[in-house]
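J.: model the structure of this input:
(one chain, ligands or ions: 1)
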Amino acid sequence: MEFENKFSKVTKSMKSNIIRELLKDAANPNIISFGGGVPDPETFPRNELAEISLKVLKDEYKFTLQYATTEGDNELKKQYIKLLEKHEHIDWLNYDNMLITVGSQQALHLISMVLLDEESYCAVGKPVYLGAANAFKQSFPKFLEIPIKEDGMDLEFFEAKLKELKNKHEIEKLKFVYVVPNFQNPTGVTMSLEKRKKLSELSKEYNFLIVEDDPYGYLRFEGEKLPNIYSMNPERTLLLNTFSKILSPGLRIGIIIGPKELIRQFTIAKQSADLCCPSLTQRIAARYLENHDIIKELEPSLKLYKSKKDTMLEALKVEFENTSKVSWTKPEGGLFIWLTFDESTNTMEMFEIARKKGVLYVPGESFYVNEIEKNHMRLSFCLPSHDEIKEGIRRLRSVVEDYKKVK
Ligand code: PMP
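T.: Numbering: from 1, shown residues only. Take a look at the predicted model:
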């Protein structure tokens, strides 16, 4: 049968997640992958999770083996409210300000379904997290790409765009700006406090929402913690959190926090997507939070990530210091370093050489929606060992040298 003419418009527009395609070889033991943003499995508290799983299956089977409500497990929400009170000084939340989602990825998808359509504008970073761009693209909006600087989004540029939209009488079509303020994926860059405040003011002045995606905020291993935008502007901000980087991505638990009218609409959209999140993993996460200071317990993982980040920065210095045409970010947390080569370099073209030499990265062009830049790459330092990081960066230098010869 010919399937093509059966597909919907949205299906025809869909592309496979390029990162997942490119990184298929990552499991090959001869290859060093700086590709996926996956946590080191040694950081998963597997024994505690095994104990809790057994207990909630036996003692709470009427909940854990049953359908849950679409809104999510109130036990989990209760524990999460406590966590936000303690660590973010957010003390006004009720259960109806929160929706439990299948990771933050589902939150991004629901936001796209509920807020965007073809006439809408949404503002995103340039570069932007690929998974968010793909989720938003499903509603065919117009993207405003806002350059990312060392201290986060270029708000002067954004403000000029806002004025343009206002002059064109299209400002109401701007639904939201999407930001990853802490250790952004893919650049590793953090938005300064001044910019957080400024963005919050702009959202009031021009009447748009802020989607604050914060999977990495608790993975800060140096520098000073900054308040989230949600705490400054709860009426207009949707805060997306996830357990993927602080506990385990296998649980597939995320959470949207925001105004209850919006949460209600996301809940209705979620009903038709999957009825509810798995009861079992929600309750496992709830009991884990109840019995553990999850943020305190991240300390050894943060030490590990910091040391791997230092190893990678040092290796980059050793291998690329004398090449003035390469620069890189120096993140204070998270999982990623962003490399920028001279403009004649195309990291997608270079990828085949890298694969042959046994090192993988994510070509930067994956992270742009309108104007594509080809001279960047994203490196993740969390999964390979220290020796692999050093060897991988050595291989990368040789990849760049070979690429320059054939160009
Ligand atoms: N947002 C960002 C910025 C991410 O980097 C990721 C994962 N790489 C996600 C959302 C999705 O994470 P999850 O669905 O596992 O919560």
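
J.: so A132 lies in a helix, does it not?
T.: Yes. Under the criterion used here (DSSP: H, G, I helix; E, B strand; the rest coil), A132 sits inside a helix.

J.: nearest residue to it other than its sequence neighbours?
T.: In this structure, A132 finds its nearest non-sequential neighbour in L108, 5.0 Å apart by Cβ to Cβ, 6 or more residues apart in numbering. Every residue, glycine included, has its C-beta placed from N, CA and C.

J.: secondary structure element for that neighbour, which one?
T.: With elements delineated by DSSP states H and E, L108 resides in helix 103-115, which encompasses its position.

J.: from the chain's centre, how far out does that helix sit?
T.: Mean-position distance between helix 103-115 and its chain equals 13 Å (Cα atoms, centre = their mean, to the nearest Å).

J.: give me every residue that touches the residue in the stretch 251-400 of the chain that the ligand sits nearest to.
T.: With Cβ to the nearest ligand atom as the measure, the residue in the stretch 251-400 of the chain that lies nearest the ligand is G254; the distance is 4.4 Å. With contacts defined as Cβ atoms under 8 Å, 6 or more residues apart in numbering, the neighbours of G254 are 100-107, 240-244.

J.: ok, now K270?
T.: Contact criterion Cβ under 8 Å, 6+ apart gives T70, L99, T101, Q106, L110, C276 as the residues in contact with K270.

J.: for these, which one is nearest the ligand?
T.: Using Cβ to the nearest ligand atom, those come closest to the ligand at Q106, 6.9 Å.

J.: count of neighbours near the residue nearest to D154 when sequence neighbours are not counted?
T.: Nearest residue to D154 in three dimensions, chain neighbours excluded: P147, at 4.5 Å (Cβ to Cβ, 6+ apart). The burial count assigned to P147 is 14, neighbours taken as other Cβ atoms under 10 Å.

J.: does P147 count as helix, strand or coil?
T.: Look at P147: counting by three-state DSSP, its state is strand.

J.: isn't it right next to F157, touching?
T.: Yes. Between P147 and F157 there is a contact under Cβ atoms under 8 Å: 5.9 Å.

J.: which parts of the stretch 1-150 of the chain are strands?
T.: With strands called from DSSP state E, counting those that start in this stretch, the stretch 1-150 of the chain shows them at 32-33, 98-101, 121-126, 142-149.

J.: for F208, find the nearest of the ones you listed.
T.: When these are ranked by proximity to F208, the top entry is strand 121-126, at 7.9 Å, counting by Cβ to Cβ.

J.: now the angle between strand 142-149 and the closest one, please.
T.: Between the axis of strand 121-126 and that of strand 142-149 there is an angle of 30 degrees, by axes from the mean of the first three to the mean of the last three Cα atoms, to 10 degrees.

J.: ok, now which ones touch whatever residue of the chain ends up closest to the ligand?
T.: Nearest residue of the chain to the ligand, counting by Cβ to the nearest ligand atom: G103, 2.4 Å away. G103 is in contact with T242, S244, P249, R252, I253, G254, counting by Cβ under 8 Å, 6+ apart.

J.: name the nearest residue to it, ignoring sequence neighbours.
T.: Skipping the residues right next to it in sequence, G103 comes nearest to G254 by Cβ to Cβ, 6+ apart, at 4.5 Å.

J.: for that neighbour, give me the backbone phi and psi.
T.: Backbone torsions for G254, taken as degrees, to the nearest 10, come to phi -130, psi 180.

J.: who touches the helix-or-strand element of the chain with minimal mean pLDDT?
T.: Within the chain, judged by mean pLDDT, DSSP states H and E, the helix or strand with the poorest mean is helix 18-22; its value is a mean of 72. Counting by Cβ under 8 Å, 6+ apart, the neighbours of helix 18-22 from elsewhere in the structure are G35, G36, L130, F351, L360, V362, P363, S366.
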